[in-house]
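Chemist: here you go, sequence then predicted model.
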Amino acid sequence: MQHRPIAFIGPMGSGKSRVAEQLARRLDRPCLDLDTEVEQRARQSIATIFASAGETRFRELECAALRDVLVDTSAVIATGGGVVLAERNRDLLKKHAIVVWLQADLPTRLERMRDERAQRPLLHGDDPAATLAKLDAIRTPLYRETADIMVETSGLNVDEVTDQVVMMLQQHEAAA
Ligand SMILES: Nc1ncnc2c1ncn2[C@@H]1O[C@H](COP(=O)(O)OP(=O)(O)O)[C@@H](O)[C@H]1O
Ligand SMILES: O=C(O)C1=C[C@@H](OP(=O)(O)O)[C@@H](O)[C@H](O)C1
Ligand SMILES: [Mg+2]
């Protein structure tokens, strides 16, 4: 029997992309990153898509890529932080995947992304902390409603987060 895919959601810098890779290795499953999928399809970086076509176009590409990657797969999937904004994406995730929400406090996220802001167009402004706080206010309830499992990652390294995810997945399966 094929496993259900596992999809990571959560804010930028919570570790979705890194932890998805690590978990996929541990579980010997394929790993997919929705941002990479969008970039390959558009043949442009996320930053270029935002700059040339705008966020709305990026969200359309993200939505189409999510629909396609969730079909007939047992992959571990890292989504982008804004994937939960569209109700359709939330419904797709809930229907097809075990959804793991990675959380991290704001200073931790900022520190992790200190040298990576160029790749994240939403953080290009003067006050990334304020931007993240604004995004949190809108998105936290959406992460909560979509997730099956939540893992707080502040103070944990990637291996420790992965251990925690594996444990929570086992508990989730046992309860199902
Ligand atoms: N638990 C962790 N501890 C320390 N650094 C981390 C952790 N998780 C991710 N990172 C690092 O933080 C940065 C952002 O992680 P990433 O997986 O790209 O986050 P996301 O995909 O959620 O935006 C990367 O440099 C990554 O290596
Ligand atoms: O929060 C967001 O809206 C975004 C998060 C990014 O992915 P990560 O969460 O993997 O950084 C990427 O999809 C894009 O820059 C938009
Ligand atoms: Mg990512």
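Modeler: Alright, I've got the coordinates. Ligands and ions are numbered 1, 2, ... in the order given.

Chemist: how much space between the residue in the chain positioned nearest to ligand 1 and Ser45?
Modeler: In the chain, the residue that lies nearest ligand 1 is Gly15 (2.8 Å; CB to the nearest ligand atom). (Each C-beta comes from the backbone N, C-alpha and C, glycine too.) Plainly put, Gly15 is 21 Å away from Ser45 if you go by CB to CB, to the nearest Å.

Chemist: more neighbours, the two?
Modeler: Gly15 (26 against 15; other CB atoms under 10 Å).

Chemist: looks like that one contacts Val100 (just checking).
Modeler: No: counting by CB atoms under 8 Å, Val100 is not a contact partner of Gly15; they are 10.8 Å apart.

Chemist: tell me the pLDDT at Gln117?
Modeler: Residue 117: Arg, not Gln. Model confidence at Arg117, given as pLDDT, is 88.

Chemist: any idea how far it is from Ser52?
Modeler: 19 Å.

Chemist: these two: which has the busier surroundings?
Modeler: Arg117 (16 against 10).

Chemist: wait, isn't that one in contact with Pro128?
Modeler: Yes: with contact defined as CB under 8 Å, Arg117 counts as touching Pro128 (6.5 Å).

Chemist: point out where this structure drops to low pLDDT.
Modeler: Applying pLDDT under 70 to the chain picks out residues 1.

Chemist: interface residues of it facing ligand 1?
Modeler: Counting by CB under 6 Å from any ligand atom, the chain comes close to ligand 1 at 10, 12-18, 78, 112-113, 116, 153, 156-158, 161.

Chemist: quick one: secondary structure of the closest residue in space to Ser52 that isn't next to it in sequence?
Modeler: Using CB to CB, 6 or more residues apart in numbering and skipping residues adjacent in sequence, the residue nearest Ser52 is Gln44, 7.2 Å away. Judged by DSSP: H, G, I helix; E, B strand; the rest coil, the three-state class of Gln44 is coil.
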